[in-house]
Each structure stands twice: as structure tokens, then as C-alpha cells.
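A.B. asks: how would this look folded up:
(one chain, ligands or ions: 1)
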Amino acid sequence: MHKLAIIGAGIAGLTLATRLQGKAALTIFEKSRHPGGRMATRRAGPFEFDHGAQYFTARSGEFRHFLSTHFDATGLQDWQPGTLTLSEREKPYRRPWFEPHWIGVPAMNSFAGALPVREAVEFQAQVTALTDTESGWRLQLHDGRQRGPFDWVVVTAPAAQTSHLLPAELAMQESLHRVRMSGCFSLMLGFQEPPAMPFNAAVVKDSPLAWLAVNSSKPGRTGPCSLLAQSRNDWADANLEQPRDRVTAQLLSALGRLLPELPEPDHLDLHRWRYAATTEPLGLDYLLESDRRLAACGDWCLGGRVEAAFTSANRLADALLALL
Ligand SMILES: Cc1cc2nc3c(=O)[nH]c(=O)nc-3n(C[C@H](O)[C@H](O)[C@H](O)COP(=O)(O)OP(=O)(O)OC[C@H]3O[C@@H](n4cnc5c(N)ncnc54)[C@H](O)[C@@H]3O)c2cc1C
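C.D. replies: Numbering: from 1, shown residues only. Below is the predicted model:
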């Protein structure tokens, strides 16, 4: 059986592993302590925040089939929030919410963690370099450990990080350099006493903020009131290197202009996503150099959403199954 290393335990890496299970000897290397990647959940005392992806769509038959194979109603639910459009200049108005918007239950990151490949993941294992040797690819980890050799390596990190890891002479580098990704700040506010809020989710216009969600109102959440405020992507790009106190103050002030009655939170935190959304995707399902036994996939191939990450990995799995 071929030995295959997958770098990243987000939805792309875990989808690929789920499809290749039993067909290759798999090891998934994940730099953080949890699976899910940007389908993330942050816990702080009693408060809980899905501070990355908010929900996802399942428009294609291939994604719906994958979801129904691996999930039942206990792990995945349709979130139908009362949604407003808020603006600093105009009156709020109700926003219709049509197709199903799926969320992991009880938390967004439990979705990825429920896929049947968790035992193949080595957590807190950041891959810092790949070396091509006669016996296969050797992986260098951040703390000096080494892994391998592997016959195949697939990288599922955001495009810039994938480019950084892969050998500079690869033909696919040119494609990776074409992809553009944008950042996002997630401001997390916890309240022991729930403040009155006229929405479960809000799309924000004319503000540094783009999205608000009462995380604790999502199905299956049990903690006290948690409010998530996400910045616009272009605002994040312009402020990525600002001190976090300044970013926090600016986003809090923007939130105060939208919700002047909001009390002081009991918990406040900020997360910076350097690569959150894909503004210019690759336009191909995946990248593959079969002579070097290297491949790359992820949301950035097809459009920067959870469903795009799934589709990219699922189609790379088809290609690899034909080669392994
Ligand atoms: C703030 C925010 C809001 C979003 N909102 C939505 C939304 O509402 N709906 C939607 O559909 N999508 C949304 N998205 C996008 C969605 O989260 C992503 O499209 C999807 O999760 C990407 O999955 P992926 O597996 O391609 O990448 P990732 O989830 O980024 O997974 C890559 C994994 O690789 C790991 N990794 C990276 N480098 C290394 C390394 N060197 N060694 C080891 N591990 C490594 C990372 O830790 C990560 O776990 C949002 C994203 C953000 C950040």
C-alpha cells in the first residue's frame, strides 16, 4: 500500500482522507491541537464561538451524498436564524434566508472531528519542509522531528502556505501564485446576562464589520450568550499588522454604533485570520504533479467556501484513486 501524507486536517484534508481510507496508508499532519481548520470553534470558560466558518451550503449532489453518508441529524443541522441587515446609515430590515445553511452540532469544529479518520491525525505537528529522497518524501516538523518516507504528499493549507512548503521549482508554483486570499478579524463577546438583540444573525453594511451572529442561538448550543462580530475582508487586509488592542477598539466602536444599547461584555477576545476568504480562486479542481507524487487542494481552488474545499478534495481523491 502506498504511504500518503496529508498536510492539514481542515475539511479538505479530512475529506481526502475519508475517501482514501483503506486504499493508502494515511498520516495527516495538523499544526493545531484540533481538527477543522477554519471550521473552528473557540471555547473560553462557559462561552463558545464558531469564530471561523459560520455555516455552509450543500448545493451539489456530491456534497449532499457525502454529508448523508457520514452525518445524521445529531452532527449536522440546518440553521435558520432571524436575520437583519444592519447599517450605520440606514434603518435595519429583515433579510430572507432561503436555502439550508448547515452547521456542525454541538459546535462547528465537531463536524470535521466526526469524520472517521481522526486516529490518522498527528496534532501539533506543523510541517516546515519537504525533502525529496531516494526512498520518498521526508517531512520536517517544527520541533525538529522528522516523518517519512512517504510515497505521496498532499498539501491542503491556504495557497500561500502551500506554495511556501512545496519545492520552488514545481510547475504548480505559478498557479499557486495566481490565487489571492483575504483576511478577517473575529471579535468574540460573551455575556452572562443575555442582552436584548433583535436578530440571531446580521449582515452589516457601511461599517468595518460585515457579519454578526449570536452564536449561542444556533441549534445545539447550551452556553450563555456569545456574540461574534466579523470584520470585512478588505478592512482586515488593511489592518492585519495593527496592534490587536487597536483593532479590538476599532471593531468595538463600530459595533457600538450599530448596537448602542449593548452592555459591556464579561468576555472579550479577538482572532486574526490572515487567510479567510478567497478573492481570486485558482479555477481548477486541484493541483497534481504525478511524476513528483505531489498534490494540493483546498477551498482556494474553487471559490473559498466549505463546499469548495470539499469539492476540491473529493475530485483530487478520484484522481489519486486512479493512480494509487
Ligand atoms: C472568519 C471566516 C468566516 C468564514 N465563513 C464561511 C461561511 O460562512 N461559509 C463557508 O462556507 N465558508 C466560510 N469560511 C471559509 C471556510 O472556513 C473555508 O473555505 C474552509 O474551511 C477551508 O477548508 P480547507 O480544508 O480548504 O482549509 P483549512 O480549513 O484552512 O485547513 C487547512 C489546515 O491545514 C493546517 N495547516 C496549515 N499549514 C500547515 C502545516 N505547515 N503543517 C500542518 N498543518 C498545517 C491548518 O492548521 C488547517 O487546519 C470562513 C472562513 C473564515 C476564516
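A.B. asks: Give me the domain ranges for this structure.
C.D. replies: 1-35+115-179+281-324, 43-114+182-280 (automatic domain parsing).
A.B. asks: possible to save those domains as TSV with mean neighbour count and mean pLDDT?
C.D. replies: (Glycine included, C-beta is placed from N, CA and C.) Rendered in TSV, the data for the domains of the chain read as follows (neighbours: other C-beta atoms under 10 Å; pLDDT from 0 to 100):
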stretch	mean neighbour count	mean pLDDT
domain 1-35+115-179+281-324	19	97
domain 43-114+182-280	17	95
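A.B. asks: of these, which approaches the ligand most closely?
C.D. replies: Closest approach to the ligand among the domains of the chain is made by domain 1-35+115-179+281-324 (2.2 Å; C-beta to the nearest ligand atom).
A.B. asks: Let me see the ranges of the helices in the stretch 1-150 of the chain.
C.D. replies: Along the stretch 1-150 of the chain, counting by DSSP state H, counting those that start in this stretch, helices occupy 11-20, 61-70, 108-113.
A.B. asks: The last one close to the ligand?
C.D. replies: What that stands for is helix 108-113. No. Where contact is defined by C-beta under 6 Å from any ligand atom, no part of helix 108-113 touches the ligand; the two come within 8.1 Å at best.
A.B. asks: what's that helix packed up against?
C.D. replies: For helix 108-113, the elements it packs on are helix 11-20, strand 102-104, judged by 3 or more C-beta pairs under 8 Å, 6 or more residues apart in numbering; DSSP states H and E.
A.B. asks: can you redo the ones you listed as JSON lines with distance to the ligand?
C.D. replies: Below are the helices and strands packed on helix 108-113 laid out as JSON lines (distance: least, C-beta to the nearest ligand atom, whole Å):
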{"stretch": "helix 11-20", "distance to the ligand": "3"}
{"stretch": "strand 102-104", "distance to the ligand": "9"}
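A.B. asks: mind giving me CSV with those and columns for distance to Phe63?
C.D. replies: Output for these, formatted as CSV (distance: least, C-beta to C-beta, whole Å):
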stretch, distance to Phe63
helix 11-20, 9
strand 102-104, 10
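A.B. asks: For Pro194, which of these is the nearest?
C.D. replies: Comparison of those against Pro194 by C-beta to C-beta identifies strand 102-104 as nearest, at 19.8 Å.
A.B. asks: now that closest one, how far from the centre of its chain.
C.D. replies: Counting by C-alpha atoms, centre = their mean, to the nearest Å, strand 102-104 is centred 13 Å from the centre of its parent chain.
A.B. asks: what residues does that strand touch?
C.D. replies: Residues from elsewhere that reach strand 102-104, judged by C-beta atoms under 8 Å, 6 or more residues apart in numbering: 39, 50, 54-58, 67, 75-79, 110-112, 114, 218-219.
A.B. asks: just to revisit the earlier point, what's the closest of the helices and strands packed on helix 108-113 to Gln161?
C.D. replies: helix 11-20 (12.7 Å).
A.B. asks: how about the strands of the stretch 101-250 of the chain, start to end?
C.D. replies: Taking DSSP state E, counting those that start in this stretch as the criterion, the stretch 101-250 of the chain carries its strands at 102-104, 121-122, 127-133, 136-141, 146-150, 152-155, 180-191, 201-205, 209-214, 225-231.
A.B. asks: So in this protein, which helix runs the longest?
C.D. replies: Ordering each helix of the chain by length in residues (DSSP state H) puts helix 306-323 first.
A.B. asks: tell me the angle of that helix relative to helix 11-20?
C.D. replies: Orientation check (axes from the mean of the first three to the mean of the last three C-alpha atoms, to 10 degrees): helix 306-323 against helix 11-20 gives 40 degrees.
A.B. asks: what about dumping the CA coordinates of helix 306-323 to PDB?
C.D. replies: Below are the C-alpha coordinates for helix 306-323, written out as PDB (Å, rounded to 0.1, in the frame of the first residue of the first chain):
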ATOM      1  CA  VAL A 306     -16.500  25.000   2.800                       C
ATOM      2  CA  GLU A 307     -18.300  23.400  -0.100                       C
ATOM      3  CA  ALA A 308     -15.500  24.400  -2.400                       C
ATOM      4  CA  ALA A 309     -12.900  22.800  -0.100                       C
ATOM      5  CA  PHE A 310     -14.900  19.600  -0.100                       C
ATOM      6  CA  THR A 311     -15.300  19.500  -3.900                       C
ATOM      7  CA  SER A 312     -11.600  20.200  -4.500                       C
ATOM      8  CA  ALA A 313     -10.600  17.300  -2.100                       C
ATOM      9  CA  ASN A 314     -13.300  15.000  -3.400                       C
ATOM     10  CA  ARG A 315     -12.100  15.400  -7.000                       C
ATOM     11  CA  LEU A 316      -8.500  15.000  -6.100                       C
ATOM     12  CA  ALA A 317      -9.400  11.800  -4.300                       C
ATOM     13  CA  ASP A 318     -10.900  10.500  -7.600                       C
ATOM     14  CA  ALA A 319      -7.700  11.300  -9.400                       C
ATOM     15  CA  LEU A 320      -5.500   9.700  -6.700                       C
ATOM     16  CA  LEU A 321      -7.600   6.600  -6.600                       C
ATOM     17  CA  ALA A 322      -6.800   6.100 -10.200                       C
ATOM     18  CA  LEU A 323      -3.100   6.500  -9.600                       C
END
